[in-house]
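Chemist: please work out how this folds:
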Amino acid sequence: MSGTDATRVLVIGGGIAGTAAALGLHKAGHDVTVYEAHPGTAEDIGAFLTLASNGMRALAQLDATDAVTAVGFPLTSLRLLDSRGTELTHAPLGEMTDPDLRYRCLLRGELNAALQETAARRGIRLRHGARLVGITDGPCGVTARFADGSTAHADLAIGADGLNSTVRRIITPEVRPTYAGQRVFYGCSGAAPGADGTGVITFVRGSETTFGHAVSPTGRTYWFARVSTEPLPDGGAAHRTPWREDLLPLLRKDATPAADIVAASEGPVMVTNATEMPLGAVWQKGRTLLIGDAAHAASPATGQGASMALEDAVVLAKALRDLPGPHAAFAAYERHRRPRVEQNITVSGGISRGSHAPSRPSPVVARPAEPDEALIHQLAWDILLPAAPPGQP
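Modeler: Sure thing, here's the model as predicted:
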């Protein structure tokens, strides 16, 4: 190995970012253990997400494509309707000509379980029910302390414990996510009237909401709605059936399929605050580094959260593989990742906060970009990661 040889790494958080990072670090030859506070893999199983083509490309570099394409279903086109139900756009979505790079719709819990099962098959240690309470950073390594009194020592710690990151509170207690101006509702319906066929994700620019839905091959319709309003109160319930009744009057103001889809929902509706991290937040301290939502959470408007986490995993693994020592690797990782993820925070937050600007309607979703050659080069496992991106010192 040309970089950090046989490094022992603690990954705090066994969600998408943490497990993907473990897969990448293990592939690079490091000794990795993942510590997850929750007892199982199905956290937030009711919320669906989309993996974009860039996320699927990163997944391929982790040799985990098959595990993820075994669940969920592909999306090959994007449809946009206005508040009268008129179709404004129907266009191809992402890199649809390559089956392994097509957008994919799946439950968060399904993706998490697929990644964790892949890690377990490769011999990566995953400890569930390990709630972090402290990290001590010393000249020779880091020591993590857990709520059950146990400790773990390693060369490096990666904080991948999400929006409400304990690792972030320890290294930068003054930095907190902020409200991005919308509540986001998620649900699932059976054979919903008015839903499109499989392979299409439809967005509706409503008068009071932004709505989206996609239909699985089994006929289930996964939907979301973004509503500009005050944030949920602290401690407010995230899951309860009455949320559907709060949402339906807003959807019924428009002549679109949205209200019928939500009315046909099965089970409780989930609602969360759209939140984002401030630009320029600190990502590292000593031998500890933040990745994923812990570092750069964005509002969900661009649908890039999981894909950005997968990109993080590949770039971090390559940085620790290719550069001389953890400090150089962490610095290079940040130089490569910060411009891209902070652009996503800015664009996604702008969509969330600008949905009802009176002068000019904002997009409901960021337009899928053409393949980014610099990103493809950066993610390619067989290409060395330079200390800085092209054009940066």
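Chemist: buried ones in stretch 326-342?
Modeler: Across stretch 326-342, burial judged by 16 or more other C-beta atoms under 10 Å covers 326, 328-338, 340-342. For every residue, glycine as well, the C-beta is placed using N, CA and C.
Chemist: next step: the residues you listed restricted to helices.
Modeler: In helices, defined here by DSSP state H, the members of those are 326, 328-338, 340-342.
Chemist: out of these, which is nearest to residue 223?
Modeler: Set against residue 223, the nearest of those by C-beta to C-beta is residue 341 (26.8 Å).
Chemist: touching, the closest one and residue 295? I think so.
Modeler: Yes: checked against C-beta atoms under 8 Å, the pair residue 341 and residue 295 is within contact range at 7.5 Å.
Chemist: mind listing the shared neighbours of the two?
Modeler: With contacts taken as C-beta atoms under 8 Å, 6 or more residues apart in numbering, residue 341 and residue 295 have residue 312 as neighbours in common.
Chemist: what's the end-to-end length of stretch 166-175?
Modeler: Terminal residues of stretch 166-175 lie 12 Å apart, using C-alpha to C-alpha, to the nearest Å.
Chemist: please state the offset of it from the chain centre?
Modeler: Taking C-alpha atoms, centre = their mean, to the nearest Å, one finds the center of stretch 166-175 at 20 Å from the center of the full chain.
Chemist: buried ones in it, by neighbour count?
Modeler: Of the residues in stretch 166-175, those scored as buried under the neighbour-count criterion (16+ other C-beta under 10 Å) are 166, 167, 168, 169, 170, 171, 172, 175.
Chemist: reformat the residues you listed as JSON lines; add pLDDT and distance to residue 390.
Modeler: Written out in JSON lines, the entries for these read as follows (pLDDT from 0 to 100; distance: C-beta to C-beta, whole Å):
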{"residue": "166", "pLDDT": "98", "distance to residue 390": "36"}
{"residue": "167", "pLDDT": "98", "distance to residue 390": "31"}
{"residue": "168", "pLDDT": "98", "distance to residue 390": "30"}
{"residue": "169", "pLDDT": "97", "distance to residue 390": "35"}
{"residue": "170", "pLDDT": "97", "distance to residue 390": "34"}
{"residue": "171", "pLDDT": "95", "distance to residue 390": "30"}
{"residue": "172", "pLDDT": "95", "distance to residue 390": "30"}
{"residue": "175", "pLDDT": "95", "distance to residue 390": "30"}
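Chemist: between those residues, which sits nearest residue 143?
Modeler: Taking C-beta to C-beta as the measure, residue 170 is the one of the buried residues of stretch 166-175 closest to residue 143, at 12.1 Å.
Chemist: secondary structure class for that closest one?
Modeler: Using DSSP: H, G, I helix; E, B strand; the rest coil as the criterion, the local structure at residue 170 reads helix.
Chemist: from memory it sits against residue 137, does it?
Modeler: No: here residue 170 lies out of contact with residue 137, judged by C-beta under 8 Å, at a distance of 9.4 Å.
Chemist: ok, residue 9 - contacts?
Modeler: Taking C-beta under 8 Å, 6+ apart as the definition of contact, the neighbours of residue 9 are 25, 30, 31, 32, 33, 154, 155, 156, 157, 158, 320.
Chemist: which residues of the stretch 1-150 of the chain score low on pLDDT?
Modeler: Where the stretch 1-150 of the chain drops to pLDDT under 70, the residues are 1-6, 40-46.
Chemist: just give me the neighbour total for residue 110.
Modeler: Neighbour count of residue 110, defined by other C-beta atoms under 10 Å: 18.
Chemist: was I right about it contacting residue 73?
Modeler: No: between residue 110 and residue 73 there is no contact under C-beta under 8 Å: 10.8 Å.
Chemist: strands of the stretch 201-350 of the chain, start to end?
Modeler: For the stretch 201-350 of the chain, the strands defined by DSSP state E, counting those that start in this stretch cover 209-215, 221-228, 239-240, 269-276, 284-285, 288-290.
Chemist: quick check: which of the ones you listed has the most neighbours on average?
Modeler: The highest mean neighbour count among those belongs to strand 288-290 (a mean of 27), with neighbours defined as mean count of other C-beta atoms under 10 Å.
Chemist: state the mean pLDDT of that strand.
Modeler: Mean per-residue pLDDT for strand 288-290: 98.
Chemist: check the offset of it from the chain's centre.
Modeler: Averaged over its C-alpha atoms, strand 288-290 has a centre that lies 17 Å from its chain's centre (C-alpha atoms, centre = their mean).
Chemist: also stretch 169-178?
Modeler: Centroid separation between stretch 169-178 and its chain, computed with C-alpha atoms, centre = their mean, is 19 Å.
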